[in-house]
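Engineer: Mind folding the following:
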Amino acid sequence: MTDAAPSGQDLLRGYVDVWWQAINDFTDLLEELDEADWAAPTDLPGWDVKAVASHIAHLESILSGAPEETAEVGQPDHVTGLMGLYTEIGVVTRRDASPDAIINEIRSAATARHTHLLADPPTDPAGRPEPIFGGVPWDWRTLLRNRPLDVWMHEQDVRRAVDRPGGMDSAAARHTAEYLAEGLGYVLAKRVGAPPGTTVVLDLEGSAPYAFTVNDAGRGERLSVPPADPDVLLRMDREAFIRLAGGRCEPEPGTMSVAGDEGLAGRILDAMATTP
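Structural biologist: Next comes the predicted model:
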């Protein structure tokens, strides 16, 4: 007998719990930094540590009920797309804020939102959340599933910038890696354009293998049982994978390996980034 799938409310509550841990881990890290650390450049073009923290403060404040912010952001070279312009607003409006003020804003906004989510939890994953930032057309499932990913990925951006590795074994780390792993079928079918029948297996440290094929309709389809001899087998640790899937930097030597069709594997790795 297999365990029953969680109810919609339980699913959303689980996302809230992981996000809340990610918020606490992120702010605890920020508390450790000195003034020079806040100016350290990250892997994100144009953003230093302070910009990353400002971005989190911005979104968490809007989600907690603060009014939308406005600012003249111009056309920075590192910004692409409307969402990039939107997220730049939070960086610009906090340019003169102190590190302590940014940390306190994140904690205050997230605490208010966490309290509200516990007191009046959403029950329908397909329902529309209110408030939401930037008018994105997300439902509750997408919003609450994305928040721990966003916070934890930016925690890792900060850790790399200030040379403080860690946080790879948290619930948010696993949540993020497995969420991103689900996009590998799309990468194989749509970004790489592999023909029907092509298979790829991702052997990801700390998680069960992820296997995908391209079906007859040309779409990526997850396989319940990994094939014994896939066209491509990717083995990597969690940090290597999130660096690639998150579009950050190259993995450290020795943290990943490839078997099978090396040309196809290279195309998959080149197209793997699915989140900014």
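
Engineer: Now do stretch 123-131: distance from first to last residue.
Structural biologist: 16 Å (CA to CA, to the nearest Å).

Engineer: Same check on stretch 221-236?
Structural biologist: Across its full length, stretch 221-236 reaches 21 Å end to end, with CA to CA as the criterion.

Engineer: again, but for stretch 196-210
Structural biologist: Stretch 196-210 has an end-to-end distance of 18 Å (criterion: CA to CA).

Engineer: Look up which helix or strand Ile62 falls in, please.
Structural biologist: Counting by DSSP states H and E, the element that carries Ile62 is helix 49-63.

Engineer: Output that helix as PDB, restricted to C-alpha atoms.
Structural biologist: As requested, C-alpha coordinates have been extracted for helix 49-63 and formatted as PDB (Å, rounded to 0.1, in the frame of the first residue of the first chain):
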ATOM      1  CA  VAL A  49      24.800  40.900  -1.900                       C
ATOM      2  CA  LYS A  50      22.800  44.000  -0.800                       C
ATOM      3  CA  ALA A  51      20.800  43.900  -4.100                       C
ATOM      4  CA  VAL A  52      20.000  40.200  -3.500                       C
ATOM      5  CA  ALA A  53      18.800  40.900   0.000                       C
ATOM      6  CA  SER A  54      16.900  44.000  -1.200                       C
ATOM      7  CA  HIS A  55      15.100  41.800  -3.800                       C
ATOM      8  CA  ILE A  56      13.900  39.400  -1.100                       C
ATOM      9  CA  ALA A  57      12.800  42.300   1.200                       C
ATOM     10  CA  HIS A  58      10.900  43.800  -1.700                       C
ATOM     11  CA  LEU A  59       8.900  40.700  -2.600                       C
ATOM     12  CA  GLU A  60       8.200  39.600   0.900                       C
ATOM     13  CA  SER A  61       7.000  43.100   1.800                       C
ATOM     14  CA  ILE A  62       4.600  43.100  -1.100                       C
ATOM     15  CA  LEU A  63       3.300  39.700  -0.200                       C
END
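
Engineer: Now do it, average pLDDT.
Structural biologist: Helix 49-63 shows a mean pLDDT of 98 in the predicted model.

Engineer: other SSEs contacting that helix?
Structural biologist: Under the contact criterion of 3 or more CB pairs under 8 Å, 6 or more residues apart in numbering; DSSP states H and E, helix 49-63 touches helix 8-32, helix 35-38, helix 81-93, helix 99-119, helix 140-162. The C-beta positions use only the backbone N, C-alpha and C, and glycine is treated the same way.

Engineer: Quick one: residues in contact with the shortest one.
Structural biologist: Residues outside helix 35-38 that contact it (CB atoms under 8 Å, 6 or more residues apart in numbering): 48-50, 53, 99, 161-162.

Engineer: just checking, Leu234 is part of a helix?
Structural biologist: No - membership of Leu234 in a helix is not supported by DSSP: H, G, I helix; E, B strand; the rest coil, which gives strand.

Engineer: so the helix holding Ile62 versus helix 99-119, what angle?
Structural biologist: Angle between the axes of helix 49-63 and helix 99-119 is 30 degrees (criterion: axes from the mean of the first three to the mean of the last three CA atoms, to 10 degrees).

Engineer: Specify the angle between helix 49-63 and helix 8-32 in degrees.
Structural biologist: Between the direction of helix 49-63 and that of helix 8-32, the angle (the same axes, to 10 degrees) works out to 150 degrees.

Engineer: And Asp229, its phi and psi?
Structural biologist: Main-chain torsions, Asp229, degrees, to the nearest 10: phi -130, psi 70.

Engineer: Burial check on it, number of neighbours?
Structural biologist: Neighbour count for Asp229, taken as other CB atoms under 10 Å: 9.

Engineer: Could I get the contacting residues of it?
Structural biologist: Applying CB under 8 Å, 6+ apart, one finds that Asp229 lies in contact with no residue.

Engineer: let's see 10 Å
Structural biologist: Shown here is Asp229, whose contacts under the criterion CB atoms under 10 Å, 6 or more residues apart in numbering are 199, 201, 259-260.

Engineer: With Glu69 instead?
Structural biologist: Neighbouring residues of Glu69 by CB under 10 Å, 6+ apart: 58, 61-62, 86, 89-90, 92-94, 133.

Engineer: would you say it is within a helix?
Structural biologist: No - residue assignment for Glu69, taken from three-state DSSP, gives coil, which places it outside any helix.
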